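Undergrad: coords below, sequence missing:
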């Protein structure tokens, strides 16, 4: 229960409720049953701050824009609609929030992106994988391509 900012009593009633901040919060107009003065409160969903553990061991707050830029970069000059990219980023962010974890390694985020890009656009997938997995030479790159081709062949064989 909330106490009145004027008289300090805990007895108030809600007169009006409205969504604000694009539905991210609820504005409540209240009236104190003791002194009859009105005041406003805001109710917002509490989000667990997510910390990303980098390969170097450094920690930084999860940055949705950074993830978006990485996926956009992988999809550059590809026939991938921006809505699909936004959906991937939203889906990953939602999954991380739903997992209720406080810290996540970049490996996990990178794998989540690659899983989604593989189904969306193979070229974007290879681009992202080449940066994310830091291919050191042509052989490593070819191994990844061979793996994709085998999976594609298996999918084609299974659909026949």
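TA: All right, it came through fine. Because the structure is predicted, anything quoted here is derived from the model rather than measured.
Undergrad: Could you pull out the helices in this protein for me?
TA: Taking DSSP state H, the helices of the chain run over residues 64-74, 82-98, 106-120, 122-132, 138-159.
Undergrad: Out of these, which gets nearest to residue 52?
TA: helix 106-120 (6.0 Å; C-beta to C-beta). (Each C-beta comes from the backbone N, C-alpha and C, glycine too.)
Undergrad: Residue 14 touches residue 30, doesn't it?
TA: Yes: shown here, residue 14 and residue 30 form a contact pair, counting by C-beta atoms under 8 Å, at 5.7 Å.
Undergrad: Give me the domain ranges for the chain.
TA: Domain ranges of the chain: 12-44, 51-159, per automatic domain parsing.
Undergrad: Looking at residue 14 and residue 30, which one has more neighbours?
TA: Legend: neighbour count by other C-beta atoms under 10 Å for residue 14 and residue 30, higher for residue 30 (19 against 12).
Undergrad: Just the pLDDT for that one.
TA: Reported pLDDT at residue 30 in the predicted model: 95.
Undergrad: Would you check that it makes contact with residue 39?
TA: Yes: between residue 30 and residue 39 there is a contact under C-beta under 8 Å: 5.6 Å.
Undergrad: Touching both of those two, which residues are there?
TA: Residues touching both residue 30 and residue 39 (C-beta atoms under 8 Å, 6 or more residues apart in numbering) are residue 12.
Undergrad: what's around residue 117, how many residues?
TA: 25.
Undergrad: which residues touch it?
TA: 71, 74-75, 88, 124-125, 128.
Undergrad: change it to 7 Å
TA: 74, 124-125, 128 (C-beta atoms under 7 Å, 6 or more residues apart in numbering).
Undergrad: could you dump the residues you listed to TSV with pLDDT and distance to residue 103?
TA: As requested, the contacts of residue 117 are arranged in TSV below (pLDDT from 0 to 100; distance: C-beta to C-beta, whole Å):
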residue	pLDDT	distance to residue 103
74	93	25
124	92	28
125	88	26
128	90	22
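Undergrad: could you check the distance from residue 80 over to residue 153?
TA: To residue 153, residue 80 is 23 Å away according to C-beta to C-beta, to the nearest Å.
Undergrad: who's more crowded, these two?
TA: Neighbour count, other C-beta under 10 Å: between residue 80 and residue 153, residue 80 has more, with 19 against 10.
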